[in-house]
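[1] Quick one, structure for this:
(2 chains)
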2 protein chains.
Amino acid sequence: MPSDKGGLTPRAEDFPRWYQEVVAGAEMAENGPVRGTMVIRPWGFGIWELLVDELDRRIKEAGAEGAYFPLFIPESFLRLEASHVEGFSPELAVVTHGGGKELDEPIVVRPTSETVVNHFFAKWIQSYRDLPLAINQWSNVVRWEMRTRLFLRTTEFLWQEGHTAHSTEQEATAYALRILRDVYLDTVETAAGIPALIGHKTERERFAGAVRTWTSEGMMGDGKALQLGTSHELGQNFARAFDIQFSDETGAQQFVWQTSWGASTRLVGALIMAHGDDFGLRLPPALAPSQVVVMVVKEDEATERAAAAIAADLKAAGIRVRVDDRTETGFGRRAIDWERKGVPVRVEVGPRDLAEDKAVVVLRHDRSKSPVALSALVAEVESALGRTTELLYDEALAFRKERTTTVDTVDEAIEAGATGFAVLPWSAVGDAGEDRLAEAGITVRCLQSPDGSLAEGEEDSLIAVVGKAY
Amino acid sequence: MPSDKGGLTPRAEDFPRWYQEVVAGAEMAENGPVRGTMVIRPWGFGIWELLVDELDRRIKEAGAEGAYFPLFIPESFLRLEASHVEGFSPELAVVTHGGGKELDEPIVVRPTSETVVNHFFAKWIQSYRDLPLAINQWSNVVRWEMRTRLFLRTTEFLWQEGHTAHSTEQEATAYALRILRDVYLDTVETAAGIPALIGHKTERERFAGAVRTWTSEGMMGDGKALQLGTSHELGQNFARAFDIQFSDETGAQQFVWQTSWGASTRLVGALIMAHGDDFGLRLPPALAPSQVVVMVVKEDEATERAAAAIAADLKAAGIRVRVDDRTETGFGRRAIDWERKGVPVRVEVGPRDLAEDKAVVVLRHDRSKSPVALSALVAEVESALGRTTELLYDEALAFRKERTTTVDTVDEAIEAGATGFAVLPWSAVGDAGEDRLAEAGITVRCLQSPDGSLAEGEEDSLIAVVGKAY
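    Sure thing, here's the model as predicted:
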């Protein structure tokens, strides 16, 4: 029985349930037959394809080239870097049989590809002339998870993982930060309209094998944090484990300095939770598979012709548009569906408005409706699309500010962290403080300079942003 | 010791060895650590990315939407379609352990996704209004292969697999043929410049579970055939196995009619073998990661500036260009490298030519060199790029004609099939003939109408194209 909200549970009532209902109702994804796996349906996958385009363009501008490394990794590779194997061992899927026979050595399905990539980096890198080496791969990875949630935590997920090698530590650090800012932060803020905090992780939250993990963190509609993309400085850990050396300009042998960085299908979950309202998803235009849906209000030949003409004009203006002429389904039901799918603009075309040379433009962002003259329609829609992302961003930023509290003690942080972010001096937390936060289900999301900028040294003056996290 | 040919074994001497040397020497791919797997390096992957773009654009124009289904499939799913399981069982990789525990039911790493896709089609399809349903996924699949060769046959490979459901058999047939022609044949001929024969497979060469398999087949530089893309009519086999029914316009329940279709990273192998010469790869511009390389002949500031300016002009004209100013490496060595990588056009910039306001343009296709006035350079390069694919196509077509013999008997076909294609009446082959061909390592590549067009019925008048195949 569809209510005004298309039958969705209000977010304030039960946020996780609302999330599940949006994912299912917008036909984005569902659970696969093997526990923890996910089927991404065309609407969800269309969003992911646009995210991939946005990220990949920025990754290539940062100088990394596409490549592909195997899904299967010999189990022995994982053991070469001690903290890496410790971090990933409990999550591995293991292939023991191939082609009807038991294998001599078990094979691991990649949980991430540092080991196999660096095995090859050792072969490819001989001289300083081979550096920097920067590659990126789009692939699926598998981590055996006990509690899964579509897009946010699944046994198999899609992601990109970048891997680089540099001749100096400074260059590696600069590159890790460039990826954080120019790829992740820029995609998340500019294309997705999600304000993000950037900083580095505490030791306990670090990637297994890294010396420093940089992160971008967004606040979701329930006040919880979601990690949006991480960029790791690996130091020389993998270089030593895999013996990746180069001869420098003097002819001396040196180990390379490395980075790795990744962002995944969980960004689709971020979009849902950062911008969604009680009516469903709200998509920023850059990530909307259809930016505009032109709806034929009821079956009528002239109306259908007019809708097709409007769609053609919008398409000619470079807008991704689709026509909904499924008049055998009620108009209200279809409107609720598009709203739930988060299409930024609906253009409703019916005989009465057409008689006045008008159509109704409905903005998903604020659900405002207005009749617009057909002659002004394309310009009006372009203008609305142009404003949408910034409006979504501003709303999310205002929400984050409202739910962020500056505090002095771990006790206060535990209280504030229950419903949002707490900010406090890192010196007031420390190792023992992290233990106490953890008991309350709260983690340090990132460490920053007091002005909120990236902190690249001075541990003493750092501030910690803490909160509950997905 | 680089010879004229950059040290490559001549194709006529040892074609498989030449192929391996090109793949390695052009830095396209190498063997992964797990037997039969492949690492695709940036040059090879750049070609694949362009192929993906070409295919994906045509697939979306044909109305199929992107989606993603899980890597892991319950073993029990495979058993639901009898001939499907029979075909794929010997090639499966099986996961028996996850998260440190033995699994209750073994999990198969997908060799193809018909089973899991159709499990979901059964849930999504209720009414004729849900049809046609057409999805496509880009993914990795695993088939445990004993004899592998980079790009051509690897344990894991990258591909797209499309899956559709239709309300009538005619519509399914028409869609399978649309994909064959508008996606595979058009990509292969227009973008890759490889002439292809299209037709359908004999029963023994059919996809496991299909009622008819349509194929496009190219002739490689050694006269052998390579399957370039296949499109299967599945009839109602999977619909019955997975109970995919819809209520038609009268309200009656019917099984859907289906297709599936795929093309893979083996197309990169096709490019190498169809167009390569004794100097390496020759890339059609649409699939060249760099269409032009501007080479600085020797270290010199004015020359480097001129090269950068030429590259900027070419880039502004929409050409993918890179500058090679690695003057610490000998010019000849670098020229051989770019030749081996198959870059369609080299622009060599040196002080002597610059003094006359000229640069040397070298076409990879015929290795012709000519000095060109800088003012005419962009136009000259555009023109050369515009001609390249057709020239490669014509050359490959002439070669195929030369290596194709029309014969009357299986004995003659075995003789002609040793070095190329033989064409003979299908009625002269039949089941027994296929057995005899198989003993000589020859297979029926496709069945066509006598005029070489697609044959959609009349079995009696069909002609068979036979040859050795990869």
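[2] Using CSV, list the CA coordinates for stretch A:152-171.
    Output of stretch A:152-171 as CSV, limited to C-alpha atoms (Å, rounded to 0.1, in the frame of the first residue of the first chain):
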residue,chain,number,x,y,z
LEU,A,152,28.7,-1.1,2.2
ARG,A,153,30.3,-4.4,3.1
THR,A,154,30.1,-7.4,0.8
THR,A,155,32.2,-10.5,0.4
GLU,A,156,33.0,-9.6,-3.2
PHE,A,157,33.2,-6.0,-4.2
LEU,A,158,34.3,-3.9,-7.1
TRP,A,159,37.0,-1.3,-6.8
GLN,A,160,40.0,0.3,-8.2
GLU,A,161,43.4,-0.3,-6.6
GLY,A,162,46.4,1.9,-7.5
HIS,A,163,50.0,0.9,-6.9
THR,A,164,53.0,3.0,-7.3
ALA,A,165,56.8,3.0,-6.8
HIS,A,166,59.0,6.1,-6.4
SER,A,167,62.6,6.8,-5.9
THR,A,168,62.2,9.0,-2.8
GLU,A,169,60.0,9.0,0.3
GLN,A,170,58.9,12.6,-0.3
GLU,A,171,57.7,11.8,-3.8
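[3] buried set for that stretch?
    A:152-167, A:171 (16 or more other CB atoms under 10 Å in any protein chain shown). Quick note: C-beta positions are derived from backbone N, CA and C, even for glycine.
[4] quick one: the strands in the stretch 301-450 of chain A?
    For the stretch 301-450 of chain A, strands defined by DSSP state E, counting those that start in this stretch occupy the ranges A:321-324, A:345-349, A:358-363, A:369-373, A:404-406, A:421-425, A:443-448.
[5] out of these, nearest to chain B?
    Proximity to chain B (CB to the nearest CB) singles out strand A:321-324 among the strands of the stretch 301-450 of chain A, at 11.2 Å.
[6] any idea of the angle the helix or strand A:Leu234 falls within forms with strand A:443-448?
    Following DSSP states H and E, one finds A:Leu234 within strand A:225-235. Between strand A:225-235 and strand A:443-448, the angle comes out at 60 degrees (axes from the mean of the first three to the mean of the last three CA atoms, to 10 degrees).
[7] so how many other residues sit close to A:Asp278?
    15 (other CB atoms under 10 Å in any protein chain shown).
[8] Quick check: it vs A:Glu21, distance?
    10 Å (CB to CB, to the nearest Å).
[9] which ones are touching A:His200?
    Applying CB atoms under 8 Å, 6 or more residues apart in numbering or on different chains, one finds that A:His200 lies in contact with A:212-215, A:446-447, A:454-455.
[10] quick revisit: in strands, which of the buried residues of stretch A:152-171 fall?
    A:156-166 (DSSP state E).
[11] Dump those to CSV, plus pLDDT and distance to chain B.
    Output for these, formatted as CSV (pLDDT from 0 to 100; distance: CB to the nearest CB, whole Å):
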residue, pLDDT, distance to chain B
A:Glu156, 97, 5
A:Phe157, 98, 10
A:Leu158, 98, 7
A:Trp159, 98, 12
A:Gln160, 98, 13
A:Glu161, 98, 14
A:Gly162, 98, 13
A:His163, 98, 12
A:Thr164, 98, 13
A:Ala165, 98, 14
A:His166, 98, 17
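[12] could I get those as JSON lines with distance to B:Leu177?
    Listed next are those as JSON lines, based on distance: CB to CB, whole Å:
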{"residue": "A:Glu156", "distance to B:Leu177": "34"}
{"residue": "A:Phe157", "distance to B:Leu177": "36"}
{"residue": "A:Leu158", "distance to B:Leu177": "31"}
{"residue": "A:Trp159", "distance to B:Leu177": "36"}
{"residue": "A:Gln160", "distance to B:Leu177": "36"}
{"residue": "A:Glu161", "distance to B:Leu177": "39"}
{"residue": "A:Gly162", "distance to B:Leu177": "41"}
{"residue": "A:His163", "distance to B:Leu177": "43"}
{"residue": "A:Thr164", "distance to B:Leu177": "46"}
{"residue": "A:Ala165", "distance to B:Leu177": "48"}
{"residue": "A:His166", "distance to B:Leu177": "52"}
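[13] Show me which pair in the residues you listed is furthest apart.
    Spatial extent of these (CB to CB) is set by the pair A:Glu156 and A:His166 at 31.2 Å.
[14] need the strands of the stretch 301-450 of chain A in a markdown table with mean pLDDT, can you?
    Output for those, formatted as a markdown table (pLDDT from 0 to 100):
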| stretch | mean pLDDT |
| --- | --- |
| strand A:321-324 | 98 |
| strand A:345-349 | 98 |
| strand A:358-363 | 98 |
| strand A:369-373 | 97 |
| strand A:404-406 | 98 |
| strand A:421-425 | 97 |
| strand A:443-448 | 96 |
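[15] so can I have TSV of those strands showing mean neighbour count and distance to B:Arg181?
    Shown next, in TSV, are the strands of the stretch 301-450 of chain A (neighbours: other CB atoms under 10 Å in any protein chain shown; distance: least, CB to CB, whole Å):
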stretch	mean neighbour count	distance to B:Arg181
strand A:321-324	21	26
strand A:345-349	25	35
strand A:358-363	20	38
strand A:369-373	13	42
strand A:404-406	15	58
strand A:421-425	22	56
strand A:443-448	23	53
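[16] which residues sit against stretch A:387-398?
    A:189-195, A:218-219, A:274-275, A:282, A:284-286, A:344, A:363-366.
[17] same deal with stretch A:364-377?
    A:279, A:282-283, A:306, A:310, A:313-314, A:339, A:342-347, A:353, A:356-362, A:380, A:388, A:391-392.
[18] what ranges do the helices span in the stretch 201-350 of chain A?
    For the stretch 201-350 of chain A, helices defined by DSSP state H, counting those that start in this stretch occupy the ranges A:237-242, A:266-275, A:301-316, A:331-341.
[19] List the buried residues for the first one?
    So that's helix A:237-242. Going by 16+ other CB under 10 Å, helix A:237-242 has these buried residues: A:237-239, A:241-242.
[20] which of the residues you listed lies closest to A:Val297?
    Looking across the buried residues of helix A:237-242 and measuring by CB to CB, the closest to A:Val297 is A:Phe238, at 60.1 Å.
[21] Without its sequence neighbours, what residue ends up closest to that closest one?
    Counting by CB to CB, 6 or more residues apart in numbering or on different chains, A:Asn118 is the residue found nearest to A:Phe238 once chain neighbours are left out, at 4.7 Å.
[22] The one you found: helix or strand, and which one exactly?
    helix A:114-124.
[23] packing partners for whatever helix or strand comes next after that helix?
    Toward the C-terminus, helix A:114-124 is succeeded by strand A:133-142 as the next helix or strand (DSSP H and E). If you count contacts as 3 or more CB pairs under 8 Å, 6 or more residues apart in numbering or on different chains; DSSP states H and E, strand A:133-142 packs onto helix A:42-61, strand A:65-66, helix A:114-124, strand A:156-166, strand B:133-142.
[24] ok, how many other residues are close to A:Pro33?
    That count, for A:Pro33 with other CB under 10 Å as the rule, works out to 18.
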